[in-house]
Each structure stands twice: as C-alpha cells, then as structure tokens.
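**Student:** Task: produce atomic coordinates for the following.
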Amino acid sequence: MIKRHDEQDEQKEAQLYRHPFALSLPFSSSFSLYLHVPFCLSKCGYCSFYSEPIDEIPFFFEASTDAWLEALIQEAKNIASHWRGRRPPLRTLYIGGGTPSLLSLPVWGRLIHLLDNTFDLSELEEATIEANPCSLTEEHLSIWRDSFVTRVSLGIQSLQNDELAWLGRQHDEATALLALDKTLAYGFDVSADLIFGIPHQTLRTWRDSLQRVLDSGVEHVSAYQLTLEPDTPLGKITPSLSDGYSFYRFAQWYLPRKGLEQYEIASFSRPSKECRHNLAYWRQENVLALGPSAWGYLTKEGLRYRNAPTLKEYITSMTTQSSLSERLGERSRGVEAAILALRTRWGIDVASFAARFGHELAEEVSAVLKEIPQRLVSFEKGHIHLTPAGMRVGNAIWIELLELDF
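**Tutor:** The predicted model follows:
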C-alpha cells in the first residue's frame, strides 16, 4: 500500500510566505534565466499570461517601458549582489512575454547591455527571444544576431487566416511566413508555436499549417491545445471548442515522419534542436527570474519564487527586494520531479531519482505507474517514460502521482 504523507508535517514543509531576496544561492552552479517583457500590442482573447496591451496605454508606453527597465536593472543588481563580486553564470536565457519584439532598438540595446554586464555569459548554451510576426523587424533580427541570441520563438499559431482572425491575432499567414523566412535567413534556430483545437479548425487545415511551417525550414515546433481560462475575454463567453485529441494525435504521427521527434508533451524537434531552456524546467534545474510575474526555482532548497504579478507592483517591490515564495518539502520535490520528468521522452531515470529522493519514494512512484495500463507507460532499462498514447492522457497520469504528495 502507498504510504500517505502526514498532513501536519506537509504544512510545515511547504507554505507561502514573504521573504527578502537574500536567497541561499549555490555558487558552483550555473543557472537558467527567464526574463518577462510585460507588453503586447493587444490582448489576444485566449491569453492568460500577464501583459500590458499598449493599445490601452498608447501615450504611456515609452514611460512604462523606461520604468520597467529601471526596475529590471535594480532587480538584476539585487541578484548579482549575492555572488560576492562575481557575475552569476548563465547556461540558458529566455526572454518571453508579452511581446519582446515590441521593444524599440534603443531599449533592446540597453537590455542587451544589462544582461551582458550583469551575468557571466561565457558558457551560455542558448538564448531565446519570443517574437510576434507583426512586430518583428529586420532591425530586431540584426541587433539580436550581433549579440548573444541564438534562438527565436515565433508565435505563428496558425497559417489559416480565418483561424488567426478568430484567435484575434494581429498578423495574417503571409506575414507569418515572411517572419519565418527572415528569421531563418539570419541564421537563428527557430521554434514555431502552433495552436490546435480552434473552433472550425479541421485536420486538413491543421496539417496544412504544420506542413507549411516545416516547408519553411523550421526545426522545432511547439503544438498547444487551445484552452480558455475563465478570466480571459474568450473564456468569459465560453465558446464551443473543438476536441483537440485528434489534432494532437495527428501531430504525434505526422511530425516524426518529417524528422521532428517528440521530446516533450507539447514540443517536437530535429535531433539536437530541443529548447534547452524549457528542459531546465522539466529537469527541475535552477532558474532565476527577472521582471513582473516571472517565476524562479532554486533546486538546493526546493524554493519556488514569483515576482510581483503586475508592472506597478513589481516596480514597488524593488524597494523592498521581496517576492512571494514557496519552499517545497523533500517529498513534494520528488513527486514534482517525477511528474516533470514524465513530460519528456527520457522520463524518469529510476536510479538517479532514488539517489536524489530516496528508494522508498522511487518505489512508490514505480508502484503507481505500474498500475497504469502498459500501453500508456513504458518500463525499460531503468527508465520509466510515457508512450505517445500516454502523453495524450498525461494529465490523468500526473493526477495519480499527485496522490503521493498528501
């Protein structure tokens, strides 16, 4: 029988609290860094990520950008101050949003200078920037190419104009294809984001979008099912959404036949073209956060922290150097590590997991997964991973594992 964790002990191990940013940082480790740009052109009806639409603040955009950048500089100084005169070493960097490609070239110049001078980028393996096809310019691509940027993630979402219109995207398919061509021509690794489950979308239109993205030369595709959170504009009117199962299953069949292997629940790539920054999350590695609403995680202490959720609160928080944090207990860390690992094609390395979290928890995790139908979970050579069919019902499997955390 699976042992249940004592509720009182669990409450002692993990609780939310306010804390100063003086965190215990492992100096010998390298880090990933997520930087949040909190501005977008206009709010897409399905988007639940924090951003400030500039169509609502047209006269204050420049001032807001300056205030954000000044707060960002202060937060970077706060982080760097804990390295006793050294610069924090970064392994991967991801600049997301919002829409980073909305930033002007002078702002990009300051931002690049900030990162280059605050962090040690000598061993940087990957630096990604998110971009929107309608705001991406050749000037952006040029300044990124001349810096440390290696990868651009383009929010294509669809190559069908009617689907783009329903999503409220500001670009059409021609603009998206042109952005893909230009970005690839500048020599970047490119990831294309696509959405399935859009109302009136068909397998034919889904296949067409996938095929044309691949025809452009892209070597990484992220495929996300459309979900509508209750607080989003489209979520409030609750339209009828397509069942995404057949679209996801088709992507799992089609993309590997085009040379892109599924290496994560939503991600497909050619060999060695995986997004290394995203793998830092699935492997529960150290991630630092910069900017409003950004999340970070420190492996040694099991400390997950979140910056202030809005730009106004974030600017204010820089005077107190505080963030909202959650310290996970050892058991919670282990259960979370198992779930995150199962998002990837590599799955759980049982021996490594046991060495890190104990043989007892490793046996409990294995016991739960052995109760799952064999067509969904594979046990081989000391590893446990989900099959393609298992990835299609991953949420249900993770819920079973979460029972171990109570």
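**Student:** so how far does stretch 92-107 reach from one end to the other?
**Tutor:** Length of stretch 92-107, first residue to last, Cα to Cα, to the nearest Å: 21 Å.
**Student:** With stretch 399-406 instead?
**Tutor:** Start-to-end, stretch 399-406 (Cα to Cα) is 12 Å.
**Student:** buried ones in that stretch?
**Tutor:** By neighbour count on 16 or more other Cβ atoms under 10 Å, the buried set for stretch 399-406 is Leu401, Leu404, Asp405. Glycine gets a C-beta too; all of them are placed from N, C-alpha and C.
**Student:** which secondary structure element contains the first one?
**Tutor:** Put plainly, it is Leu401. helix 394-402 (DSSP states H and E).
**Student:** tell me what the longest helix belonging to the chain is packed against?
**Tutor:** Ranked by residue count and defined by DSSP state H, the top helix of the chain is helix 61-80. Packing contacts for helix 61-80, counted by 3 or more Cβ pairs under 8 Å, 6 or more residues apart in numbering; DSSP states H and E, involve strand 39-40, helix 105-118, strand 287-290, helix 311-317.
**Student:** Switch those over to CSV, and while doing so, append mean pLDDT, mean neighbour count and distance to Phe353 to every line.
**Tutor:** Shown next, in CSV, are the helices and strands packed on helix 61-80 (pLDDT from 0 to 100; neighbours: other Cβ atoms under 10 Å; distance: least, Cβ to Cβ, whole Å):
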stretch, mean pLDDT, mean neighbour count, distance to Phe353
strand 39-40, 92, 22, 39
helix 105-118, 97, 16, 34
strand 287-290, 95, 23, 20
helix 311-317, 92, 17, 36
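**Student:** Using TSV, please lay out these together with distance to Ser48.
**Tutor:** Below are the helices and strands packed on helix 61-80 laid out as TSV (distance: least, Cβ to Cβ, whole Å):
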stretch	distance to Ser48
strand 39-40	13
helix 105-118	25
strand 287-290	18
helix 311-317	17
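**Student:** Let me see the contact set for Ser209.
**Tutor:** Neighbouring residues of Ser209 by Cβ atoms under 8 Å, 6 or more residues apart in numbering: Ile156, Ser158, Leu159, Gln160, Leu194.
**Student:** Then Ile397?
**Tutor:** Contacts of Ile397 by Cβ under 8 Å, 6+ apart are Leu342, Leu369, Ile372, Leu376, Val377, Leu386, Gly390.
**Student:** Which of these fall in helices?
**Tutor:** Leu342, Leu369, Gly390.
**Student:** Most neighbours among the residues you listed, which one is it?
**Tutor:** When neighbours are counted by other Cβ atoms under 10 Å, Leu342 leads those with 25 neighbours.
**Student:** Which one of the contacts of Ile397 is nearest to Leu111?
**Tutor:** Nearest to Leu111 among the contacts of Ile397, counting by Cβ to Cβ, is Leu342 at 35.4 Å.
**Student:** Could you check how far the residue lying closest to the closest one once chain neighbours are set aside is from Ser272?
**Tutor:** Of all residues not flanking Leu342 in the chain, Leu386 sits nearest, at 5.5 Å (Cβ to Cβ, 6 or more residues apart in numbering). Distance of Leu386 to Ser272, computed by Cβ to Cβ, to the nearest Å: 22 Å.
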